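Asks: let's see this in three dimensions:
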Amino acid sequence: MNVIHGLPGYTIVIEKGPTSYGAHVLELPGCVAAADTREEASTLIHEAIELYVEELRNDGLPVPSPLRPNWSAR
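Replies: Residues are numbered from 1 along each chain as shown. The predicted structure follows:
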C-alpha cells in the first residue's frame with residue numbers, strides 16, 4: 001500500500017492487487033480507479049478527483065475538505 005497526497009491535498013491510497021493496481025481517495029467516498037500500472041492508477045485517480053469535485057459542485061453539494069489541505073505532492 002502506498003499513500004500519496006493528490007490535488008488539492010486529498011489523501012490517495014494506491015494498492016497493488018494480484019493483477020492490477022487500485023486507488024481510492026480517503027476523503028471522497030466512491031472515488032476510485034484501477035489500472036495495470038501504479039503510474040496509470042495515479043494518473044486516473046487524479047482525473048477522478050477532478051471529475052468527482054466538479055460533479056459535486058454541479059449538483060450544488062459540499063466538497064469535502066482534504067485531510068491535509070496545505071500539503072500536496074504527486
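Asks: OK, contacts around Ala41?
Replies: Shown in contact with Ala41 (CB atoms under 8 Å, 6 or more residues apart in numbering): Ile14, Ser20, Tyr21, Gly22, Ala23, Ala33, Ala34, Ala35. C-betas here are computed from N, CA, C, even on glycine.
Asks: quick check, nearest of these to Leu51?
Replies: Minimum distance to Leu51 across the contacts of Ala41 is 10.6 Å, recorded for Ala33 (CB to CB).
Asks: correct me, but the closest one touches Glu15?
Replies: No. Under the contact definition of CB atoms under 8 Å, Ala33 does not touch Glu15, with a separation of 11.3 Å.
Asks: shared neighbours of the two, anything?
Replies: Joint contacts of Ala33 and Glu15 (CB under 8 Å, 6+ apart) are Gly22, Ala23.
Asks: between those two, which is the more surrounded one?
Replies: Ala33 (21 against 14; other CB atoms under 10 Å).
Asks: that one: which element?
Replies: Using DSSP states H and E, Ala33 sits in strand 32-35.
Asks: one step back: mind putting the contacts of Ala41 into a markdown table with distance to Leu51 and pLDDT?
Replies: Shown next, in a markdown table, are the contacts of Ala41 (distance: CB to CB, whole Å; pLDDT from 0 to 100):
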| residue | distance to Leu51 | pLDDT |
| --- | --- | --- |
| Ile14 | 18 | 96 |
| Ser20 | 20 | 98 |
| Tyr21 | 19 | 97 |
| Gly22 | 17 | 98 |
| Ala23 | 14 | 97 |
| Ala33 | 11 | 98 |
| Ala34 | 15 | 98 |
| Ala35 | 16 | 98 |
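Asks: what ranges in this structure fall below the confidence cut-off?
Replies: Within the chain, the set of residues satisfying pLDDT under 70 comprises 1-8, 68-74.
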